[in-house]
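Visitor: coordinates only, sequence not included:
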C-alpha cells in the first residue's frame, strides 16, 4: 500500500429555510442553531486527527464551520471560491415547488439531463466539476501524506465523491449528503482513491 493523502470532506451544517427543498446555490444563507451545533459535533469527532490544513468554500455556511473546527488545531482555513456550490442562476433561493410551478418545462429538462442542463445565468455539473476538481487535485498534490479538512456543499461533495470512485456525474443523487456529514477519502500517489467513509 502506498502512502495516502487523507481528505476529511464535510458538508456544511443545516441552513435557514432547510424545511422546504430549495436551491440555495451560491446565495449566502445563514446557519441554524442546529447547523452550528453540527459543527461542534464534528469538532469533537475530528479532535484527535492530525489535521495539517483546511480548505473551505468562502460562503459563510462553510467558512464559519471551518473556523469552529480548526481553532483547536491552530489552523487558519483557506477560503477557496472554487469550492462554492453550483450556481443555479435564476433559480437561486427558490423552492423546488416554486421552480416547478414557474418553469415546468425547464424543471423537467433539468431532471432529464442533470449533467448538461444549465439554468439561465447558472452552471451545469460539468462547469462545477471543471472548477472544483482542479482544487482537489492541487490539495492532494500539495499535502502528500497529510490529513486535510475540506468544507463543502452537497453538490460539490457529490462531485468529489463520484470522481473518487470513478462514477459518472449522472449518478449525482445516488449519493446522500446530509447536513453536517463526514466523508473520508484516501488519495494514493499512484492516482487511486478510496472512499473510507460516506455520509457518516
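Guide: Cool, the structure landed. This one's a predicted model, so the numbers in the text were calculated from it and none came from an experiment.
Visitor: mind listing what's buried along the biggest helix by length in the chain?
Guide: For the chain, the helix that runs over the most residues, judged by DSSP state H, is helix 125-142. Neighbour-count burial for helix 125-142 flags 125, 128-129, 131-132, 135-136, 139-140 (criterion: 16 or more other CB atoms under 10 Å). Where C-beta positions appear, they are placed from N, C-alpha and C, glycine not excepted.
Visitor: hmm, who's touching it?
Guide: When contacts are defined by CB atoms under 8 Å, 6 or more residues apart in numbering, helix 125-142 is touched by residues 5, 7, 53, 55, 80, 82-83, 86-87, 114-116, 118, 148, 150, 155-156, 159-160, 163, 169, 172, 187.
Visitor: and the strands in this protein, which stretches?
Guide: Using DSSP state E, the strands of the chain run over residues 4-11, 51-56, 78-79, 147-152, 182-188, 193-197.
Visitor: so what strands line up beside the fifth one?
Guide: Translated: strand 182-188. Strand 182-188 has its sheet partners listed here by DSSP bridges as strand 4-11 (antiparallel), strand 193-197 (antiparallel).
Visitor: redo those strands as TSV? Include mean neighbour count.
Guide: Below are these laid out as TSV (neighbours: other CB atoms under 10 Å):
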stretch	mean neighbour count
strand 4-11	24
strand 193-197	15
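Visitor: now those strands as a markdown table including distance to residue 108 and mean pLDDT?
Guide: As requested, these are arranged in a markdown table below (distance: least, CB to CB, whole Å; pLDDT from 0 to 100):
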| stretch | distance to residue 108 | mean pLDDT |
| --- | --- | --- |
| strand 4-11 | 27 | 97 |
| strand 193-197 | 32 | 97 |
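Visitor: need these in a markdown table with distance to residue 176, can you?
Guide: Below are these laid out as a markdown table (distance: least, CB to CB, whole Å):
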| stretch | distance to residue 176 |
| --- | --- |
| strand 4-11 | 10 |
| strand 193-197 | 13 |
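Visitor: and the closest residue to residue 197 other than its chain neighbours, what does it touch?
Guide: Closest residue to residue 197 apart from its sequence neighbours, by CB to CB, 6 or more residues apart in numbering: residue 184 at 4.0 Å. Applying CB under 8 Å, 6+ apart to residue 184 gives the contacts 6-9, 195-197, 200.
Visitor: would you convert those residues into a markdown table that also reports distance to residue 180?
Guide: As requested, the contacts of residue 184 are arranged in a markdown table below (distance: CB to CB, whole Å):
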| residue | distance to residue 180 |
| --- | --- |
| 6 | 19 |
| 7 | 17 |
| 8 | 13 |
| 9 | 12 |
| 195 | 18 |
| 196 | 18 |
| 197 | 14 |
| 200 | 10 |
